[in-house]
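>>> sequence and predicted model, in that order:
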Amino acid sequence: MDVLSFINIGGMIAFVASGTLAGIRKRLDIFGVMVIGFVTSIGGGTIRDMLLGISPVKWLTDSKIILLILVVSLCTVFFRKRIERLDKTLLFFDTLGLGFFTIKGLEEGISAGLSVPSCLIIGTITACFGGVLRDILLNEIPTLFHKEIYATACLIGGFLFFLLKYLNAPLAFIELATFIAVVSVRFAGIKTNFTLPNIEP
Amino acid sequence: MDVLSFINIGGMIAFVASGTLAGIRKRLDIFGVMVIGFVTSIGGGTIRDMLLGISPVKWLTDSKIILLILVVSLCTVFFRKRIERLDKTLLFFDTLGLGFFTIKGLEEGISAGLSVPSCLIIGTITACFGGVLRDILLNEIPTLFHKEIYATACLIGGFLFFLLKYLNAPLAFIELATFIAVVSVRFAGIKTNFTLPNIEP
Amino acid sequence: MDVLSFINIGGMIAFVASGTLAGIRKRLDIFGVMVIGFVTSIGGGTIRDMLLGISPVKWLTDSKIILLILVVSLCTVFFRKRIERLDKTLLFFDTLGLGFFTIKGLEEGISAGLSVPSCLIIGTITACFGGVLRDILLNEIPTLFHKEIYATACLIGGFLFFLLKYLNAPLAFIELATFIAVVSVRFAGIKTNFTLPNIEP
């Protein structure tokens, strides 16, 4: 298994775990928490596929991913107390996932022939909108819209991606640099407790 | 009219009525309650069609269904006090609808060439996610995630469906058995007041 | 630039501004309010494209629209106090937008070969469901379902559209009449403070 798939799966697992824990906090039943875990991890890619007209949406054709998500979600339920304590590990993988999904979204946008702004949007949706769907299902205003640097990291990574592409850098280098950019911006945001300013009405 | 279409239409009507009543309880206006009734009945199939890439989504090409839904919704508004009292009749048809829509979803999944787990998910989405959309529009956490055996009945029915299919049972028998399984699990759940355990955080 | 594109762009701008202001009132951050502005303006068309199977959805292939939306949203943030005072101007353009998007939706429905009831639904979704998505993201019951004549105006316009079409009126005349119908019904509703009756449970 290469590094990329390792990161992909690590990110996926972190998304499932964070969604499942969010469902548990709302005292849903076992079915409910597993749905929330599922939606958190595949929601962004699903919206992307629907916007681009890729059908059936990708996870439906990949039984391994489905089983992985269900198993991770079940494990999260059973070991929820231990996993809550793994807060930092989860955050770590969640951030890796953010970087990875951003790149995947950008590349899907490019292969659909979209313009740069559209690709940036698709990249951000892929990485962030699973969490938006999670918050909608849990009846909350999406965290994405009022807390923490998150989408901003994806956008900055996306800009770098296209800048390097414009400079004809080799693909592997572009991907690596984008990944590092997304991850470092997010970690820097968390370290410095930096948030985007809320707009005073 | 054969038995299947009778059940289909009965289930559809129950979904419209339950959605409309939910909208009335939230004191929406006549347009709002009709939209809620509409979304409750066609929402699951719409999400299924979008995930599978069936377009235009089916109800858009079937004027009879659209008119049926609008008429049932209007009647529910006018006779809301009587229909509220028909609680058990509604529940009865709602459960028949659940069984019917599950089978329809499973078969759509199969004809799209999906794997067994994906078909189970599509069957459950077809039967249950109209109610999820209804709850999102009414600004509540979906009932599906924290009350009652509902999706579980669809999943158990789905497992039986594929078990019998694997045993080469004839299609009509598979459908009948699946239908009975979904309906009995749900009714047994209601009778015994059984719910999935909520997860203690 | 002809009259139609002027109205289109005016309506789009009004939708962006109203979404952005709604996000500001909920104290979202700058990223959040821009997403809300974005979704309010393109949400209806996006749902329409997904239901009809038009892919990629149209705004993704139109960088000019994306940039316009972002610029308008940013301007709304910076000049929010002045723009709040432009209440009537916004309402004016919002209503023009309503008329314009209704016609666009109707015509997309026709060119997808849909029946009259389906076209009426698609027209209304195109014009109104950006606002529904906005309200879902802001965790509120959609205004559309319990306040003001809004969707009703689209439906009345749509009926007129098909009546005139049936009478073989020339297209330009049909469009103009529909537009005037939608706009006048909405303005009449606002002037007379008319709302659809809420249904007593």
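Yes, it's here. What you see is a predicted model, and the numbers here were worked out from it, not measured in a lab. Residues are numbered from 1 along each chain as shown, chains lettered A, B, ... in the order given.
>>> quick one, helices of chain A?
For chain A, applying DSSP state H gives helices covering A:3-25, A:30-52, A:63-78, A:80-85, A:87-111, A:116-137, A:151-166, A:171-191.
>>> near chain B, which residues of chain A? Just list them.
Proximity of chain A to chain B (Cβ under 8 Å from any Cβ of the partner chain) is limited to residues A:23-33, A:35-36, A:46, A:50, A:53-57, A:60-61, A:63, A:66-67, A:77, A:80, A:136-139. Where C-beta positions appear, they are placed from N, C-alpha and C, glycine not excepted.
>>> any chance of a PyMOL selection covering the buried ones in those residues?
With 16 or more other Cβ atoms under 10 Å in any protein chain shown as the criterion, this PyMOL line picks the buried residues out of the residues of chain A next to chain B:
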select buried, chain A and resi 23+24+26+28+29+30+31+32+33+35+36+46+50+53+54+55+56+57+60+66+77+80+136+137+138
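>>> what does the model give the residue of chain A found nearest chain B for pLDDT?
Chain B sits closest to A:Ser55 of chain A, with a gap of 2.2 Å, by Cβ to the nearest Cβ. A:Ser55 carries a pLDDT value of 88.
>>> ok, the residue of chain A found nearest chain C - contacts?
With Cβ to the nearest Cβ, the shortest gap between chain A and chain C falls at A:Gly53, namely 2.2 Å. Applying Cβ atoms under 8 Å, 6 or more residues apart in numbering or on different chains to A:Gly53 gives the contacts B:53, C:53-56.
>>> quick one on the thing from earlier: who's in contact with the residue of chain A closest to chain B?
Shown in contact with A:Ser55 (Cβ under 8 Å, 6+ apart): A:49, B:51-53.
>>> out of these, who's the most crowded?
Highest neighbour count within the contacts of A:Ser55, by other Cβ atoms under 10 Å in any protein chain shown: B:Leu51, with 25 neighbours.
>>> got the contact list for the nearest residue in space to it that is not next to it in sequence?
Excluding its sequence neighbours, the residue lying closest to B:Leu51 (Cβ to Cβ, 6 or more residues apart in numbering or on different chains) is A:Val57, at 5.2 Å. Going by Cβ under 8 Å, 6+ apart, A:Val57 touches A:45-46, A:49-50, B:51, B:53.
>>> the residue of chain A closest to chain C and A:Ile65, how far apart?
According to Cβ to Cβ, to the nearest Å, A:Gly53 and A:Ile65 sit 21 Å apart.
>>> next, count neighbours for A:Ala172.
When neighbours are counted by other Cβ under 10 Å, A:Ala172 registers 9.
>>> equivalent analysis for A:Ala112, please.
For A:Ala112, the tally of surrounding residues (other Cβ under 10 Å) stands at 19.
>>> which pLDDT value belongs to it?
Here the pLDDT value assigned to A:Ala112 is 95.
>>> now do the contacts for the closest residue to it other than its chain neighbours.
Spatially, and ignoring its direct neighbours in sequence, A:Ala112 is nearest to A:Leu52 (4.9 Å; Cβ to Cβ, 6+ apart). Counting by Cβ under 8 Å, 6+ apart, A:Leu52 makes contact with A:108-109, A:112, A:122, C:55-56, C:60.
>>> wait, which of those residues is closest to A:Thr178?
Lowest distance from A:Thr178 to the contacts of A:Leu52 (Cβ to Cβ) belongs to A:Gly109, with 13.1 Å.
>>> that closest one and A:Ser118 touch, don't they?
Yes - A:Gly109 is within contact range of A:Ser118, at 6.0 Å (criterion: Cβ atoms under 8 Å).
>>> when the two are compared, which one has more neighbours?
Shown here are A:Gly109 and A:Ser118; by other Cβ under 10 Å, A:Gly109 has more neighbours (27 against 22).
>>> contacting residues for that one?
A:Gly109 is in contact with A:52, A:118-123, counting by Cβ under 8 Å, 6+ apart.
>>> got it, and A:Leu90?
Counting by Cβ under 8 Å, 6+ apart, A:Leu90 has contacts A:14, A:17-18, A:83.
>>> lowest-confidence helix or strand of chain A?
helix A:80-85 (a mean of 79; mean pLDDT, DSSP states H and E).
>>> now do it: everything it contacts.
Residues lying outside helix A:80-85 but in contact with it, judged by Cβ under 8 Å, 6+ apart, are A:17, A:20-21, A:24, A:76, A:90, B:199, B:201.
>>> go with 10 Å
Residues from elsewhere that reach helix A:80-85, judged by Cβ atoms under 10 Å, 6 or more residues apart in numbering or on different chains: A:17-18, A:20-21, A:24-25, A:33, A:75-77, A:79, A:89-90, B:199-201.
>>> for it, buried residues please.
By 16+ other Cβ under 10 Å, the buried positions in helix A:80-85 come out as A:80, A:83.
>>> distance to C:Phe162 added to the contacts of A:Leu90, as CSV?
Listed next are these as CSV, based on distance: Cβ to Cβ, whole Å:
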residue, distance to C:Phe162
A:Ala14, 52
A:Ala17, 52
A:Ser18, 49
A:Ile83, 57
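>>> by neighbours, which of these wins?
When neighbours are counted by other Cβ under 10 Å, A:Ala17 leads the contacts of A:Leu90 with 26 neighbours.
>>> was I right to think that residue contacts A:Val71?
No - A:Ala17 lies out of contact with A:Val71 (Cβ atoms under 10 Å); the separation is 11.5 Å.
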